[in-house]
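J.: Just the structure for this:
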Amino acid sequence: MRTSPQPAAKLPPRPERAPVPQPVPPPRLSSRKTPRRAPLAVNAGALLIFAAGVVVLVAGFRAAMDPGRGVPEATAQLLELGVPADTLLVLARVADVAMTAVTFGACFFLASVIRDGRNWARVCCAALVAAALFFGVLNHAEQHVAAALIAGTGLALSFLPGTARYFARGRARTLGS
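T.: You can find the predicted model right below:
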């Protein structure tokens, strides 16, 4: 027996889907800047720290490109193994340029973040200045000692009593967020 086909049941209309929220990009360093102005001592200190980075950059490039530079003393074992002196000299120059670039980048970054009011940057800069003074004196590198003293002066400006409130407000702001 044949039955007549029954019409298909009507389905309820599909509900509208809610739009998928777009992911929020992380805040950039420039958007995290504090709206308040930095005190003059902090601005001058950041400028001196940046100037110390420029001194390190110039001194490092001059040392790396010195045509009268000899093979470093630490490569004596490599010379005994038959590694050509020219290869060692090129490697030493590349290492000098790399360390110079990293040090300049650290000075630039710390100067900008200190100007932004971050207290941890002052502590990191103090450690960098102490290491630069130690290794500059140890290796008789006058340019690096001079750069460390310039950066130390800028760092000292950021520790003046008038600037303590500027950094304290930055700490309270970052702890609450």
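J.: all contacts plus neighbour counts: C-alpha atoms, from now on.
T.: OK.
J.: Output the contacting helices and strands for the longest helix belonging to the chain.
T.: Taking DSSP state H as the criterion, the chain has its longest helix at helix 85-115. Other elements packing on helix 85-115 under the criterion 3 or more Cα pairs under 8 Å, 6 or more residues apart in numbering; DSSP states H and E are helix 40-64, helix 119-138.
J.: how about a cut-off of 10 Å?
T.: In terms of contacts (3 or more Cα pairs under 10 Å, 6 or more residues apart in numbering; DSSP states H and E), helix 85-115 is packed against helix 40-64, helix 76-80, helix 119-138, helix 142-158, helix 161-176.
J.: CA atoms only for the third one, dumped as CSV, please.
T.: The one in question is helix 119-138. Coordinates of each C-alpha in helix 119-138 appear next as CSV, following Å, rounded to 0.1, in the frame of the first residue of the first chain:
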residue,chain,number,x,y,z
ASN,A,119,61.8,51.3,38.4
TRP,A,120,63.2,47.9,37.3
ALA,A,121,65.0,49.6,34.4
ARG,A,122,67.0,51.7,36.9
VAL,A,123,68.1,48.6,38.7
CYS,A,124,69.1,46.9,35.4
CYS,A,125,71.0,50.0,34.3
ALA,A,126,72.8,50.0,37.6
ALA,A,127,73.9,46.4,37.0
LEU,A,128,75.0,47.3,33.5
VAL,A,129,77.0,50.3,34.7
ALA,A,130,78.7,48.3,37.4
ALA,A,131,79.6,45.5,34.9
ALA,A,132,80.9,48.1,32.4
LEU,A,133,83.1,49.8,35.0
PHE,A,134,84.4,46.4,36.2
PHE,A,135,85.3,45.1,32.8
GLY,A,136,86.5,48.5,31.5
VAL,A,137,89.0,48.8,34.4
LEU,A,138,89.9,45.1,34.1
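J.: Right, I'll leave it there.
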